[in-house]
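Novice: Predicted coordinates and the sequence they were generated for:
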Amino acid sequence: MAADNRLVTAEAVSLLRNLLQSPTLINSISNSVSPTLMNSVPTPSNAAVNSEIRSFYEPGSSNMQTAPAPVNEIQNYCPRYQTRATYSTWKSKPRQKVRQKTPYHRTFNKDVILLLSPTDDIVVKQRKKEELYKRGHILNAFEFDKTWDQGTVLRQIRDSFKGKIPEDVR
């Protein structure tokens with residue numbers, strides 16, 4: 001059965017090769033098919049193609065138009081939105097945040113660090129600061145009064161460090 005199928009297939013292939021090699025047969029087939037195809041498929045004119053393309057790219061046009069716009073009509077190309085209709089003419093000022101006045105406080109807090117000697121000229125950080133804290137040389141959030149004068153500030157700091165500042169230091 002498989003041999004019969006191969007034989008039939010081989011005969012069909014040889015028949016097609018003979019038909020395709022015959023130029024007279026090909027010409028007669030193409031002549032008989034061409035007139036029927038030309039009559040059944042309408043070819044659009046240049047004007048119809050141009051108007052359809054124009055309808056896609058002109059502003060304000062849509063695909064639902066039934067009649068194309070006249071070619072000799074001069075069209076005004078402008079944006080679809082009108083700025084005067086969208087925005088008012090008055091100039092707006094940017095809103096400024098109203099800053100609330102901070103309430104007056106008579107006191108404020110600061111950290112006070114008592115250095116080991118008057119010749120220390122480096123900023124105290126990390127280990128050194130920890131060491132000074134253990135010795136009691138740091139006052140956290142010491143409260144200062146804004147009405148104090150220089151003498152009162154020194155006296156309050158001296159009293160807070162409890163004898164760690166000698167009396168002759170100013």
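Specialist: Everything's here; your move.

Novice: how close does residue 47 get to residue 58?
Specialist: Shown here: residue 47 relative to residue 58, a distance of 16 Å by C-beta to C-beta, to the nearest Å. The way it works is simple: take the backbone N, C-alpha and C, and place the C-beta from them, glycine included.

Novice: Compare these two and say which is more crowded by neighbours.
Specialist: residue 58 (13 against 10; other C-beta atoms under 10 Å).

Novice: in this protein, which spans are strands?
Specialist: In the chain, the strands defined using DSSP state E lie at 107-113, 138-145.

Novice: In a markdown table: the ones you listed, plus mean neighbour count.
Specialist: Listed next are the strands of the chain as a markdown table, based on neighbours: other C-beta atoms under 10 Å:
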| stretch | mean neighbour count |
| --- | --- |
| strand 107-113 | 12 |
| strand 138-145 | 13 |
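
Novice: between the ones you listed, which one is nearest to residue 27?
Specialist: strand 107-113 (107.3 Å; C-beta to C-beta).

Novice: Please compute how far that closest one lies from its chain's middle.
Specialist: Here strand 107-113 shows a centroid-to-chain-centroid distance of 46 Å under the convention C-alpha atoms, centre = their mean, to the nearest Å.

Novice: Next, the angle strand 138-145 makes with it.
Specialist: Counting by axes from the mean of the first three to the mean of the last three C-alpha atoms, to 10 degrees, strand 107-113 lies at 150 degrees to strand 138-145.

Novice: List the contacts of the nearest residue to residue 110 once chain neighbours are set aside.
Specialist: For residue 110, ignoring the flanking residues on the chain, the nearest one in space by C-beta to C-beta, 6 or more residues apart in numbering is residue 142 at 5.9 Å. Residue 142 sits next to 109-112, 157, 160 when contact means C-beta atoms under 8 Å, 6 or more residues apart in numbering.

Novice: which among those gets closest to residue 2?
Specialist: Nearest to residue 2 out of the contacts of residue 142 is residue 111 (C-beta to C-beta; 101.8 Å).

Novice: Give me the pLDDT value at the closest one.
Specialist: pLDDT recorded at residue 111 is 94.

Novice: Would you mind measuring from it to residue 137?
Specialist: For residue 111, the distance to residue 137 - C-beta to C-beta - is 11 Å.

Novice: phi, psi of residue 101?
Specialist: phi -70, psi 130 (degrees, to the nearest 10).
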